[in-house]
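1. What follows is a predicted structure for the sequence shown.
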Amino acid sequence: MSDLNRCRDILGDLIGMPTVSSQRNLPMIDYLAERLEDSGAVVEVHKNESGDKANIFATLGDDRDGGLMLSGHTDVVPVADQRWDTDPFKMHENEGRLYGRGTCDMKGFIAACLTKIDTLKAAARARPIHFAFTHDEEVGCLGAQRLVEVLKARKTKPALAIIGEPTMMQIMDGHKGCCEYTVSFTGAEGHGSAPERGVNAVEYAARYIARLLQLREALIARAPAEARFDPAHTTINIGRLVGGQAHNIIAGTAVLDWEMRPINRSDMEFVKSDLAAFTGDVLLPEMRRVAAHADISTEIIGEVAGLTPMDENAARDLVQTLTGANSVSTVPFGTEAGLFQGIGMDAVICGPGSIEQAHKPNEFIALEQLDQCLTMLDRLGTV
C-alpha cells in the first residue's frame, strides 16, 4: 500500500472520531498513543483536570535537547447548523478531495505524521523527533498552554517546532496574538424617568466601548514600520453587547464581548493598562457614588500569544530546506506556535490544506496536499 493510501486510511479513522471541542478527545488520544507506542515512541499522556481531555507528547530517539517537535491539535469546530452534503464524521472522497470535519484543520497533518512514523524514527537517530498533539486549540489553545507548563518543567525540550496548520504547504513564520474578553457591568435599576437615580449599566458599557474605539485608533499609530501583518497594527473588535430590560427601565446589567489581535506584547499591555486605569479611576467611582454595589468585572476568555517573525529562525530555515520554498509570509489566524516560541523554541507554521476550507461545511483537503506533506516529512531523514 502506498504512503498516500495509508495516510488516507488513517485520516478516515481520525475523522470518524468527532473531537468537537465541547466533547472528549480521549478515543483519538488512545488511537494516537497506541500507534506511536507500537512504533517505539515514548508516549506521555497528560489529562486535563476533569480527565475528559488529554494531550500527547511523544518522543522518537534519545530525549535530549535540540529535537524537532511536530505539533497539531486534535479538536475540531462544531458542525451544528451547517449544511453538509455528506456525513461530516465519515470521510468522503470525491475527485481528489477528502471531505469531513477536520480533514484540513488539522487531522490531515496528524495523519501524515503517523504515516511517516518509520521515516521519522530513522531521522530521530540524528536528533529527537517529538510529537505534540493537543486538546482545545479551537477554544483558546487550552491544551497547548498546559503542555507548555509540562515542557518548561522538563530538563530537556525541543529546539524547533513545526505546527502543521493548513497553509497549502507554504511557510509562515508569524501571526498576531488573540485575546478575548467578557466584561460584565453591574448597575442599579430604576424608573427611566429619573436616570440620575440609577446606574445605567448599558451607558457605562457604551462608554467603555467608546474607550476601546479610541484605543483602536491609537493602535494604528503604534504600528511599527517593519510590521509584516495585514493590517499592520493591533486590532480591536467589538463582538457583542447585551443589556437592559425595557424602554422605561434603567439597565441594571450589561455584558460586553470584545477581542484584541496584538502584534506584540507591548500593545497588549498598553490596552490593558489603559482600560484598567479608565475603569478604576473614572467609571467605577462615578457608578459607586450612586450605588455602592456597582461593579465592572472582566473575564479573560483567552490570551494566546502571537508568533513573532524573527530574523533568525532555525525551524523556518529547516522547512525551507525540506520544501525548497524561498518565500515566507504571515497568517491572519492564530495558532499554538507563539506559545512554543515563548519558551525558547524556534517555530514555523506549514501544513497541508487551505484555511479557506476550515470551519466551513464540506471541509476538505486535497490528496495532492497530503502528498506534499508526506514528501516534506520524508526529507527529514536526509537533512
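-> Perfect, I can see it now.
2. Domains in the protein, by residue range?
-> 3-174+307-382, 178-304 (automatic domain parsing).
3. ok, residue 175 to residue 339 distance?
-> 12 Å (CB to CB, to the nearest Å). Where C-beta positions appear, they are placed from N, C-alpha and C, glycine not excepted.
4. quick one, strands of the stretch 1-150 of the chain?
-> 42-47, 54-60, 68-73, 92-94, 97-99, 129-134 (DSSP state E, counting those that start in this stretch).
5. Make JSON lines from the ones you listed and add distance to residue 165, mean pLDDT and mean neighbour count to it.
-> As requested, the strands of the stretch 1-150 of the chain are exported to JSON lines (distance: least, CB to CB, whole Å; pLDDT from 0 to 100; neighbours: other CB atoms under 10 Å):
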{"stretch": "strand 42-47", "distance to residue 165": "21", "mean pLDDT": "97", "mean neighbour count": "16"}
{"stretch": "strand 54-60", "distance to residue 165": "17", "mean pLDDT": "98", "mean neighbour count": "24"}
{"stretch": "strand 68-73", "distance to residue 165": "8", "mean pLDDT": "98", "mean neighbour count": "27"}
{"stretch": "strand 92-94", "distance to residue 165": "23", "mean pLDDT": "97", "mean neighbour count": "14"}
{"stretch": "strand 97-99", "distance to residue 165": "17", "mean pLDDT": "98", "mean neighbour count": "22"}
{"stretch": "strand 129-134", "distance to residue 165": "12", "mean pLDDT": "98", "mean neighbour count": "26"}
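6. So which of the domains of the chain has the densest surroundings on average?
-> domain 3-174+307-382 (a mean of 20; mean count of other CB atoms under 10 Å).
7. mind listing the strands for the stretch 251-383 of the chain?
-> Ranges of strands in the stretch 251-383 of the chain, per DSSP E, counting those that start in this stretch, are 253-261, 295-304, 346-349, 364-366.
8. for the second one, packing partners?
-> When you say that, I think you mean strand 295-304. Counting contacts by 3 or more CB pairs under 8 Å, 6 or more residues apart in numbering; DSSP states H and E, strand 295-304 is packed against strand 178-186, helix 284-290.
9. end-to-end on stretch 344-355?
-> One end of stretch 344-355 to the other measures 27 Å (CA to CA, to the nearest Å).
10. Can you name the residues that contact residue 300?
-> 179-181 (CB atoms under 8 Å, 6 or more residues apart in numbering).
11. In JSON lines, list the residues you listed along with pLDDT and distance to residue 209.
-> Converted to JSON lines, those look like this (pLDDT from 0 to 100; distance: CB to CB, whole Å):
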{"residue": "179", "pLDDT": "94", "distance to residue 209": "16"}
{"residue": "180", "pLDDT": "94", "distance to residue 209": "16"}
{"residue": "181", "pLDDT": "97", "distance to residue 209": "12"}
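12. Could you dump those residues into a markdown table and include distance to residue 211?
-> Converted to a markdown table, those look like this (distance: CB to CB, whole Å):
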| residue | distance to residue 211 |
| --- | --- |
| 179 | 16 |
| 180 | 18 |
| 181 | 13 |
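13. So which of these is the closest to residue 93?
-> Using CB to CB, residue 180 is the member of the contacts of residue 300 that sits closest to residue 93, with 36.3 Å.
14. what about the helices in the stretch 151-300 of the chain?
-> 201-221, 265-278, 284-290 (DSSP state H, counting those that start in this stretch).
15. would you turn these into CSV with mean pLDDT and distance to residue 151?
-> CSV is the format used below for those (pLDDT from 0 to 100; distance: least, CB to CB, whole Å):
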stretch, mean pLDDT, distance to residue 151
helix 201-221, 98, 32
helix 265-278, 96, 20
helix 284-290, 98, 40
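16. mind checking which of those is nearest residue 103?
-> helix 265-278 (33.4 Å).
17. Just list whatever residues bridge to residue 299.
-> Here residue 299 shows beta-bridge partners residue 182, assigned using DSSP bridges.
18. correct me, but it touches residue 140?
-> No. At 12.0 Å, residue 299 does not count as touching residue 140 under the criterion of CB atoms under 8 Å.
19. Could I get the contacting residues of the residue nearest in space to the middle of the chain?
-> Closest residue to the average C-alpha location of the chain: residue 335 at 3.7 Å, with CA atoms, centre = their mean. Applying CB under 8 Å, 6+ apart to residue 335 gives the contacts 137, 163, 165, 175, 307, 349.
20. where are the low-confidence patches of the stretch 151-300 of the chain?
-> Within the stretch 151-300 of the chain, no range satisfies pLDDT under 70.
21. Make TSV from the strands of the stretch 1-150 of the chain and add distance to residue 158 to it.
-> Output for the strands of the stretch 1-150 of the chain, formatted as TSV (distance: least, CB to CB, whole Å):
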stretch	distance to residue 158
strand 42-47	13
strand 54-60	9
strand 68-73	4
strand 92-94	34
strand 97-99	29
strand 129-134	5
